[in-house]
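In: Need coordinates for the following:
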Amino acid sequence: MAKRVARKVPNKKYLTFKGRMVMIGFGSIGQGVLPLILRHINIKPEQIVIITDEMRGGEAEAERYGVEFVEKRLTESNVRATLDNRLGEGDFLVNLSVEVASTALIELCQKKGVRYLDTCIEPWPGGYTDPNLSVSRRSNYALRDTMLKLKPRYEGGPTAVVAHGANPGLVSHFVKQALMNIAHDTGVKTAAPTTREGWGKLAQRLGIKVIHIAERDTQVSKKPKEVGEFVNTWSIDGFVSEGGQPAEMGWGTHEKALPPDGKRHTFGCDAAIYLNRPGLLTQTRTWTPIEGPFHGFIITHNESISIADYLTVRDGKKVTYRPTVHYAYHPCDQAIMSMHEIAGKNLKQQKRQRLIVDEVVSGRDELGVLLMGHKKGAYWYGSQIDIKEARSLVPYNNATSIQVVAPVLSGIIWALENPNRGIVEADEMDFARNLEICMPYLGPVVGKYSDWTPLQDRGVLFPEDLDKSDPWQFKNFRVV
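Out: Numbering: from 1, shown residues only. Just a heads-up that it's a prediction; the model follows:
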């Protein structure tokens, strides 16, 4: 497919919102999305309040836009009292925080008639690291399972969009568009499915065996990382938390055997497995158009489970098809050095943090989905925005954050356009509508085929245990 590059930033107001909007958390994503909310939603600054536990420079932006800024840490004991008088029927809660339980906020919103959006499912403090919890119970699979148990209770309630940033979120819409593109290019005539079963059967018909959320961040700062410092282009607390969780992946029906350290869960949908090791110590082979082949980290994300679950095909209770799905992430080089340092300290996080937004001097974030196993081999579809274009589109962003804030905006708009859908994941939303809103902020959006497989250039200098009969087996992807 040809590149689609949006050079002119639209100022379209998609809708009018008359209620109150509360934003919890105001790190890189909150600061990046506020200008977009004010640009594309007819809302007055005095309707918005930001609640965050740390200033981190965001108070200056809030003051610039005339938005109320409250410095307060939300806890289990004060969350209801803090939000009760600030939220009522018809209002909207945008949750961009860490260590504030998503389920607690959603239940509060459901009872008060408030719409909701978050970018990941968060637990209260300790949920990722409690040694009294099993590895399985510290997983994203477990967090998602807890969330899904709320769905029937609040069916038809105010819309709560769960896990809708770049990934999870935007990448689920990329997967659907990629499936349609592959179908067109391989002569499979089909309209866009309208049901979960329809999407699963299309993926099965196309022969999709593996889906990577394949991302390479090449942004750099002139200031080098110092010892005892974690440097990243997006939330450091969020990245370290998920990197310390077990590596997780949706587990495909084509896989012949579990990895030696792989485990199934004893509860839930059974669409995924986990490894008995953290994601920031687990690597996989993957591919993007600009970077080519590289090693990425299997950092756990909700989409690895939700996409695999959504595309599952069943014959009665028997699963007949499911792809293997996981994140394959190479962060910016300074974050790589930070990860090596934290790994050498038994996952103890550095005390100093530095988000590189304004100080990025070059680079891009190449984020997309890599669908493998079909007639044409491998197909990557996604965003290749660079720092220069990101800055020209919206303030307070770099090439990574803009890929998150665009789907936060689209998720808010979709929730307001579909106000009574209860709890929904990205996979259940209108992919075309969300992409329509996001596209102007994604830079070049590219679809590219490749003959790459994880067997490429393997076993030449050193013997390896490979399955050459099926290149798409997980054992061929994993870096050991």
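In: Outline the domain layout of this structure.
Out: Domains of the chain are assigned by automatic domain parsing as 15-162, 170-401+442-479.
In: average model confidence for the first one?
Out: By that I understand domain 15-162. On average, the pLDDT along domain 15-162 is 96.
In: ok but residue 249 is inside a strand, no?
Out: Yes. Assigned with DSSP: H, G, I helix; E, B strand; the rest coil, residue 249 falls within a strand.
In: which residues pair with it across the strands?
Out: For residue 249, the beta-bridge partners are residue 273 (DSSP bridges).
In: ok now do the residue nearest in space to the middle of the chain, which residues does it touch?
Out: The chain has residue 167 as the residue nearest its centroid, 1.6 Å off, counting by CA atoms, centre = their mean. Contacts for residue 167 were tallied using CB atoms under 8 Å, 6 or more residues apart in numbering; they are 213, 215, 301, 303, 327, 367. In short, each C-beta sits where N, CA and C put it, glycine included.
In: Am I right that residue 208 falls within a strand?
Out: No. Counting by three-state DSSP, one finds residue 208 to be coil, located in no strand.
In: what's the neighbour count on it?
Out: 26 (other CB atoms under 10 Å).
In: same thing with residue 70?
Out: Each residue near residue 70 was counted by other CB under 10 Å, and the total is 16.
In: now it, nearest residue through space, not along the chain?
Out: Using CB to CB, 6 or more residues apart in numbering and skipping the chain neighbours, the partner closest in space to residue 70 is residue 51 (4.7 Å).
In: now do residue 424
Out: Across the structure, with CB to CB, 6+ apart as the measure, the residue nearest residue 424 apart from its sequence neighbours is residue 161 (5.9 Å).
In: Can you get me a residue count around that neighbour?
Out: As a burial measure, the neighbour count of residue 161 was computed by other CB under 10 Å and equals 27.
In: Using CSV, lay out the domains of the chain together with distance to residue 418.
Out: As requested, the domains of the chain are arranged in CSV below (distance: least, CB to CB, whole Å):
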stretch, distance to residue 418
domain 15-162, 6
domain 170-401+442-479, 15
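In: Out of these, flag the one nearest residue 413.
Out: In terms of CB to CB, the element of the domains of the chain nearest to residue 413 is domain 15-162, at 6.5 Å.
In: and the closest one, how far apart are its ends?
Out: Its start and end residues considered, domain 15-162 measures 21 Å (CA to CA, to the nearest Å).
In: so which of the contacts of residue 167 is the most crowded?
Out: The member of the contacts of residue 167 that has the most neighbours, counting by other CB under 10 Å, is residue 303 with 31 neighbours.
In: Surely that residue and residue 166 touch.
Out: No. With contact defined as CB atoms under 8 Å, residue 303 does not count as touching residue 166 (9.6 Å).
In: how far is stretch 175-192 from where the chain is centred?
Out: The chain centroid and the centroid of stretch 175-192 are separated by 23 Å under CA atoms, centre = their mean, to the nearest Å.
In: And that stretch, what's buried?
Out: By neighbour count, and taking 16 or more other CB atoms under 10 Å as the criterion, the buried residues in stretch 175-192 are 175, 176, 177, 178, 179, 180, 181, 182, 183.
In: ok, of those residues, which one's closest to residue 238?
Out: So of those, ranked by how close each gets to residue 238 (CB to CB), first place is residue 175, at 22.3 Å.
In: Just confirm that closest one is within a strand.
Out: No. Counting by three-state DSSP, residue 175 is located in no strand; its state is helix.
In: need the contact list for residue 264.
Out: The contact partners of residue 264, by CB under 8 Å, 6+ apart, come to 251, 258, 270, 273.
In: Could you export the residues you listed as JSON lines, including pLDDT?
Out: Supplementary listing: the contacts of residue 264 in JSON lines, determined by pLDDT from 0 to 100:
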{"residue": "251", "pLDDT": "98"}
{"residue": "258", "pLDDT": "98"}
{"residue": "270", "pLDDT": "97"}
{"residue": "273", "pLDDT": "98"}
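In: Most neighbours of all those residues, which one?
Out: Neighbour tally across these (other CB under 10 Å): the maximum, 27 neighbours, falls on residue 273.
In: Provide a list of residues in contact with it.
Out: For residue 273, the residues meeting the contact criterion (CB under 8 Å, 6+ apart) are 248, 249, 251, 258, 259, 262, 263, 264, 265.
In: And for residue 30?
Out: Residue 30 sits next to 23, 50, 52, 58, 94, 96 when contact means CB under 8 Å, 6+ apart.
In: Where does the prediction get shaky in the stretch 301-450 of the chain?
Out: Under the criterion pLDDT under 70, no range of the stretch 301-450 of the chain is flagged.
In: mind listing the helices in it by residue range?
Out: When secondary structure is read from DSSP state H, counting those that start in this stretch, the stretch 301-450 of the chain shows helices at 302-310, 333-344, 387-393, 401-417, 431-438.
In: now, the most widely separated pair of the contacts of residue 264?
Out: Taking CB to CB as the measure, the contacts of residue 264 span a maximum distance of 12.7 Å, between 258 and 270.
In: Including distance to residue 280, could the contacts of residue 273 go into CSV?
Out: Rendered in CSV, the data for the contacts of residue 273 read as follows (distance: CB to CB, whole Å):
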residue, distance to residue 280
248, 13
249, 15
251, 21
258, 21
259, 17
262, 18
263, 19
264, 22
265, 21
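In: what about residue 243, how many residues close to it?
Out: 26.
In: which outside residues touch the helix or strand encompassing it?
Out: In this structure, residue 243 is located in helix 236-244 according to DSSP states H and E. Taking contacts as CB under 8 Å, 6+ apart, the residues outside helix 236-244 that touch it are 27, 98-99, 120, 128-129, 140, 230, 232, 278-280, 297, 299-301, 331, 335, 339, 342, 347, 349, 353, 355.
In: Which members of those residues are positioned in strands?
Out: The strands in this structure, assigned by DSSP state E, contain 230, 232, 278, 297, 353, 355 from the contacts of helix 236-244.
In: of those, closest to residue 17?
Out: Minimum separation from residue 17 among these (CB to CB) is found for residue 355, which lies at 29.0 Å.
In: excluding its backbone neighbours, what's nearest the closest one?
Out: Nearest non-adjacent residue to residue 355 (CB to CB, 6+ apart): residue 28, at 5.5 Å.
In: same check, this time on residue 479
Out: Closest residue to residue 479 in three dimensions, ignoring its sequence neighbours and counting by CB to CB, 6+ apart: residue 283, at 3.8 Å.
In: tell me the contacts of the one you found?
Out: The neighbours of residue 283, taking CB under 8 Å, 6+ apart as the test, are 295, 296, 297, 298, 478, 479.
In: give me that answer again for 7 Å
Out: The contact partners of residue 283, taken as CB atoms under 7 Å, 6 or more residues apart in numbering, are 295, 296, 297, 479.
In: same question, residue 255
Out: Shown in contact with residue 255 (CB under 7 Å, 6+ apart): 324, 473, 474.
In: Correct me if wrong: residue 343 contacts residue 282.
Out: No. Under the criterion of CB atoms under 7 Å, residue 343 lies out of contact with residue 282, with a separation of 11.0 Å.
In: These two: who's more crowded?
Out: Taking neighbours as other CB under 10 Å, residue 343 and residue 282 compare with residue 282 leading, 24 against 14.
In: Residue 459 contacts residue 466, correct?
Out: Yes. Counting by CB under 7 Å, residue 466 is a contact partner of residue 459 at 6.1 Å.
In: Compare the two and say which is more crowded by neighbours.
Out: residue 466 (14 against 11).
In: how much space between that one and residue 456?
Out: For residue 466, the distance to residue 456 under the criterion CB to CB, to the nearest Å works out to 11 Å.
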